[in-house]
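Undergrad: following is a predicted model, sequence given first.
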Amino acid sequence: MNSGYSIERWLVFTSVFLLFSTWTHAAELDTTNFGDKTPSTDEFIEALNPEPAIRMRSLSPSQPARLRSVSLGIRFKYNSYELTENAQEVLNRLGGALASPKLSAHKFMIEGHTDATGDSDYNQELSEKRAENVKNYLVNVFDIDPRRLEDVGRGETALLDTSDPSSSENRRVQIINLAQ
């Protein structure tokens with residue numbers, strides 16, 4: 001262990017990493033792709049609110065509920081993690097949804113994504129900074145408890161448009177309800 005890191009912090013980091021690394025595949029998510037649309041606060045709530053589990057009597061185990069997520073075309077200034085005015089407008093509506101009573105008990109992951117243009121290490125770092133900046137905006141503007149928001153950069157590892165790795169559709173932020 002490095003000095004300055006306690007065993008507890010290491011265990012928490014490892015647990016969080018293992019927990020979140022299992023949710024990186026889009027097939028495991030019930031995702032609403034808003035693309036460049038600016039959804040309303042109510043549309044965010046509807047897309048992120050987990051549906052109540054349906055209980056059925058059965059001898060076989062039921063399938064676990066899929067995590068709810070939204071994919072947003074949050075725009076940043078070129079080669080930057082600075083939010084544009086349009087991005088702030090989208091985040092204002094998202095922040096209203098996350099602060100609503102319907103979602104206030106949930107935790108969310110904010111994933112930053114890039115296209116595959118350029119160096120993969122640079123794209124990874126840029127996606128991390130973008131996710132962190134979105135989290136900071138939501139925490140500072142909407143007074144959302146930062147413990148409810150995890151930020152992670154995915155770089156170019158989860159392209160939406162695999163046929164065009166440089167597509168702007170790949171440059172996005174995804175918000176995942178961790179159902180906790």
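TA: Received the coordinates, thanks.
Undergrad: how far does stretch 32-48 stretch from start to finish?
TA: End-to-end distance for stretch 32-48, by Cα to Cα, to the nearest Å: 9 Å.
Undergrad: list the buried ones in stretch 126-141?
TA: Neighbour-count burial for stretch 126-141, counted by 16 or more other Cβ atoms under 10 Å, picks out 126-135, 137-139. Just so you know, the C-beta spots here come from the backbone N, C-alpha and C atoms, and that holds for glycine as well.
Undergrad: what mean pLDDT does that stretch have?
TA: What stretch 126-141 shows for mean pLDDT is 96.
Undergrad: returning to that earlier point: could you redo the buried residues of stretch 126-141 as a markdown table and give each row distance to Gly95 and secondary structure?
TA: Compiled in a markdown table, the buried residues of stretch 126-141 are given as follows (distance: Cβ to Cβ, whole Å; DSSP: H, G, I helix; E, B strand; the rest coil):
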| residue | distance to Gly95 | secondary structure |
| --- | --- | --- |
| Leu126 | 23 | helix |
| Ser127 | 21 | helix |
| Glu128 | 21 | helix |
| Lys129 | 19 | helix |
| Arg130 | 16 | helix |
| Ala131 | 15 | helix |
| Glu132 | 16 | helix |
| Asn133 | 14 | helix |
| Val134 | 10 | helix |
| Lys135 | 11 | helix |
| Tyr137 | 8 | helix |
| Leu138 | 5 | helix |
| Val139 | 9 | helix |
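Undergrad: looking at those, which is nearest Asn170?
TA: Distance to Asn170 across the buried residues of stretch 126-141 (Cβ to Cβ) is lowest for Ser127, with 10.5 Å.
Undergrad: quick check: the closest one vs Thr41, distance?
TA: 26 Å (Cβ to Cβ, to the nearest Å).
Undergrad: surely Asn49 and Ser100 touch.
TA: No - in this structure Asn49 lies outside contact range of Ser100 using Cβ atoms under 8 Å: 9.1 Å.
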